[in-house]
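> Fold the stuff below for me.
(one chain, ligands or ions: 1)
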Amino acid sequence: MRKRSLAGLEVSAIGMGSAQTFDVHSREDVEVRRKIMDKCLEKGVTFIDTSPMYGRAERVLGETMDGRVDKFLLATKVWSSGKETGRAQIERSFQLLRTDYIHLFQIHNLVDWRTHLPYLEQLKSEGRIGLIGITYGYPDMFPEMMEIMKTRRVDAIQISYNIQDRAVEDEILPLAESLGIGVVVMRPTGKGLLATGLKQQPDLGPLQEFGIRTWGQAALAWLLADSRVTVPIPATTKPSRIVENALPGEIPPLPPELRTYIEKETERCS
Ligand SMILES: NC(=O)c1ccc[n+]([C@@H]2O[C@H](COP(=O)([O-])OP(=O)(O)OC[C@H]3O[C@@H](n4cnc5c(N)ncnc54)[C@H](OP(=O)(O)O)[C@@H]3O)[C@@H](O)[C@H]2O)c1
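Now for the predicted structure:
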C-alpha cells in the first residue's frame, strides 16, 4: 500500500469508512467486521474513518480492533451541539475506540464548529489528538467551509468527490492545495453506484495493464490520479471488497489521459 501525506501524517492511500457498514449488532455481523479489519491490516488499509453519528460503528470498530488499535490511524468526529455535550461525546469516542490517541478529529458537518474548534485545539496541544478536520458533503456550505479553511485552524477537510460528483473542483480543492490542507474523500464510489449502477458494462481494456479489474477500482484510481486528493475512504460490508479496493492504492497514480478515459467511459455507460 502506498502512503500519502495528510497534512504531514503519512496515511494509506486507500482508507475505509464505516457509515452504516459498521452499525451492526449481531455476533455474526460483528465477526464479519472483524474479518474486514483483518483484511485491512493484511492489505495496509489502515486509515479508518468513523463518527458517533454512525450508530454502533465506533463501538464495533473498537471491539474488532482490540489489541491492535496501534496498527491503525483513526479518524472520528464530534457531532453535537454545546460545549459539555461535545466534550462528553469526544471522551466517549476515545472509550469506544479503545484508544488514548486519535489521529484526526473532525467536526461532523460543521455542527457547532465555533464551540468545538477551541477544545480540539486544546486536545491537540495536549497530544491526545493529531490533526483537526471538518467534514461536509454538499455544496451549500462550501462558503462556510472555506471561511474555516482560511483561518488555517484545520489540517484536513472531508468532502464528497467522485466521477459524477465534482462540485469541489471549482474552489474547495484549489484552496485546500494552496493551504496544504489534507483531503479525505467520502462517497468515493458514489455509494457503490459508480460500479453497480451503470447501464452498460464499461470497457476496462486500457486499465488492465495497471491491474484494474473492476469499475469500482477505476473510480478509486480516478480519485488518486488527482494529487490534491489525499485518501478516499470507501465503506464496505465485505472482507473481499477490501482487497478489491486496496488495489488502486498499490499502483502508481494513473496518467491524466487514463483519468479522462475513466470519465468518458463512465459517461458513456451511464
Ligand atoms: N458528512 C460526513 O462526514 C460523511 C458523509 C458521508 C460519508 N462519510 C464517510 O465516508 C465514508 C464513505 O462514504 P459512503 O459510505 O457514503 O460511500 P461509498 O464508500 O462510496 O459507498 C459505500 C457503498 O459502496 C459499496 N462499494 C464499496 N466499494 C465498492 C466497489 N469497489 N464496487 C461496488 N460497490 C462498492 C459498498 O457496498 P458493499 O458492502 O457491497 O461493498 C457500500 O454499500 C463513509 O462510510 C463515512 O465514513 C462522511
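
> for C40, what are its contacts?
By Cβ atoms under 8 Å, 6 or more residues apart in numbering, the contact list for C40 reads M16, T46, I48, F72, I242. Where you see a C-beta, it was placed from the backbone N, CA and C, and this is true even at glycine.

> most surrounded residue in the residues you listed?
Among the contacts of C40, the one with the most neighbours (other Cβ atoms under 10 Å) is M16, at 29 neighbours.

> quick one: which two of the contacts of C40 are the most distant?
F72 and I242 (13.1 Å; Cβ to Cβ).

> May I see the contacts of C40 organised as CSV, with secondary structure, pLDDT and distance to A57 added?
Putting those into CSV (DSSP: H, G, I helix; E, B strand; the rest coil; pLDDT from 0 to 100; distance: Cβ to Cβ, whole Å) gives the following:
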residue, secondary structure, pLDDT, distance to A57
M16, strand, 98, 11
T46, coil, 98, 17
I48, strand, 98, 10
F72, coil, 98, 14
I242, helix, 98, 16
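
> Which of these lies at the shortest distance from the ligand?
Closest approach between the contacts of C40 and the ligand, by Cβ to the nearest ligand atom: M16, at 7.7 Å.

> what's across from the closest one in the sheet?
Beta-bridge pairing of M16 under DSSP bridges involves I48.

> gap between it and F72?
10 Å (Cβ to Cβ, to the nearest Å).

> Which neighbours do these two have in common?
Here M16 and F72 have C40, F47, I48 as joint contacts, going by Cβ under 8 Å, 6+ apart.

> what about the strands in the stretch 51-200 of the chain?
Read by DSSP state E, counting those that start in this stretch, the stretch 51-200 of the chain holds these strands, from start to end of the chain: 73-78, 102-107, 129-135, 156-160, 182-186.

> Single out the most deeply packed of the ones you listed.
Most buried of the strands of the stretch 51-200 of the chain by mean neighbour count (mean count of other Cβ atoms under 10 Å) is strand 73-78; its value is a mean of 26.

> Just the CA trace of that strand, in CSV.
What follows is strand 73-78 as a C-alpha-only set of coordinates in CSV (Å, rounded to 0.1, in the frame of the first residue of the first chain):
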residue,chain,number,x,y,z
LEU,A,73,-4.7,5.5,12.1
LEU,A,74,-8.1,6.6,13.4
ALA,A,75,-10.4,9.5,12.3
THR,A,76,-13.6,10.2,14.1
LYS,A,77,-15.8,13.2,14.6
VAL,A,78,-17.7,15.3,17.1
